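J.: A predicted structure for the sequence below; I have some questions about it.
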Amino acid sequence: MIESANMENETAAEHFHVALVGPENNGKSILGTTAPGVKLFFDYDQKKQALAGKKDTYAITFKDPGWPKMPEAAEEILDMLNGLESCWFDLSQLKDKRNQLVFPELQGKKTIVENVMHDSMASLGRILMTHELYHSPELRRSLKIGPNMEVHTPRGFDAWNAEMAGVVQIVLRTFSWPVNVFCMFHEQDEESPDSTAEKPKFTGRISVYPVRYRNLLIKYFTDIWRVKLTQVGGVTIPRVYVKPDWKFDSGTAMLLDPIEEPNIEEMIRKHKSRLAGGDGSAPRPAAKPLGPVAGVVKS
């Protein structure tokens, strides 16, 4: 399958593929709830409670039953991808593998997904790794802990490569959908080349966690935004950093300011205004409150 387009007539207005990078509990998920329209979170972190009360926001949590039961979450993710494509992204018709409605409360209420959130990428990778190590003994080392528990760890690079291939396939599949896609990445301090486990050394810059996912950012995303809590007027609140600086290589295909308020709908409005020749400051509704975020405090 190929697609062709005269790029002179194309714009970066529809649809967005955004990597949201930041420390844990700094507002990435809550920022996702400010996207315009219906949001569907693929909750790999089992933290959907953070989204409570958010309008037009739906979540599907994926978790494995734990040893000694067979991992199921990876296949359930694929089932949901298939189901969404089959029902044309209408949550009121989405069914699981048992042919049961996933959101029975929406029956008869057409609810088309406009934004997909992968939250978070590190946890998606763990789900895929757990699945492949269980089903492919040649990729794993096994450690028995007592009579009722067994731990699997990767034997070598083949396991990591298989995990990465699975992550890429899932993300690119959602990129092909007529929706905005947001992927949440955790961050960590970048280690210098001479760093060791015994004597860690750091460059002062920021990288993603796990580090091997850095290639995903470079290859596949049009926008890479860093989200972090920032001191503003005596209050610690989230800010969105969309342009590169000395600490992190943020980037955007949108016409935005280097630092933005945490409201995706407003960011898109600003971009479209500037794309049409405006300055992005046209009258607009008041920004929606971001709501509670772990770590937001008054100084």
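T.: Okay, I see it. Numbering: from 1, shown residues only.
J.: where do the strands sit along the stretch 1-150 of the chain?
T.: Counting by DSSP state E, counting those that start in this stretch, the stretch 1-150 of the chain has strands at residues 17-22, 39-43, 57-61, 115-119, 140-144, 150-154.
J.: now the last one - C-alpha only, CSV.
T.: Which is strand 150-154. The C-alpha trace of strand 150-154 is given here as CSV (Å, rounded to 0.1, in the frame of the first residue of the first chain):
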residue,chain,number,x,y,z
GLU,A,150,9.2,-17.8,38.2
VAL,A,151,10.9,-14.6,36.8
HIS,A,152,11.8,-14.2,33.2
THR,A,153,14.6,-11.8,32.0
PRO,A,154,15.9,-11.2,28.4
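J.: hmm, who's touching it?
T.: Strand 150-154 is contacted from outside by 67-68, 129-130, 133-134, 139-145, 160, using C-beta atoms under 8 Å, 6 or more residues apart in numbering. Heads up, the C-betas are built off the backbone N, CA and C, glycines and all.
J.: out of the residues you listed, which two sit at the greatest distance?
T.: Spanning the widest gap among the contacts of strand 150-154 are P68 and W160, at 24.5 Å by C-beta to C-beta.
J.: so which of those two has more stuff around it?
T.: The residue with more neighbours, out of P68 and W160, is W160; 15 against 9, by other C-beta atoms under 10 Å.
J.: helices or strands up against the host helix or strand of D158?
T.: Following DSSP states H and E, one finds D158 within helix 157-175. Helices and strands touching helix 157-175, by 3 or more C-beta pairs under 8 Å, 6 or more residues apart in numbering; DSSP states H and E, are helix 73-86, strand 115-119, helix 121-135, strand 180-191, helix 214-220.
J.: give me the angle between the shortest one and helix 157-175.
T.: Same thing as strand 115-119. 160 degrees (axes from the mean of the first three to the mean of the last three C-alpha atoms, to 10 degrees).
J.: CA atoms only: put strand 115-119 into CSV for me.
T.: C-alpha atoms of strand 115-119 as CSV (Å, rounded to 0.1, in the frame of the first residue of the first chain):
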residue,chain,number,x,y,z
ASN,A,115,-7.5,11.2,19.9
VAL,A,116,-5.6,8.1,21.0
MET,A,117,-3.2,8.2,24.0
HIS,A,118,-0.6,5.5,24.5
ASP,A,119,0.1,5.9,28.3
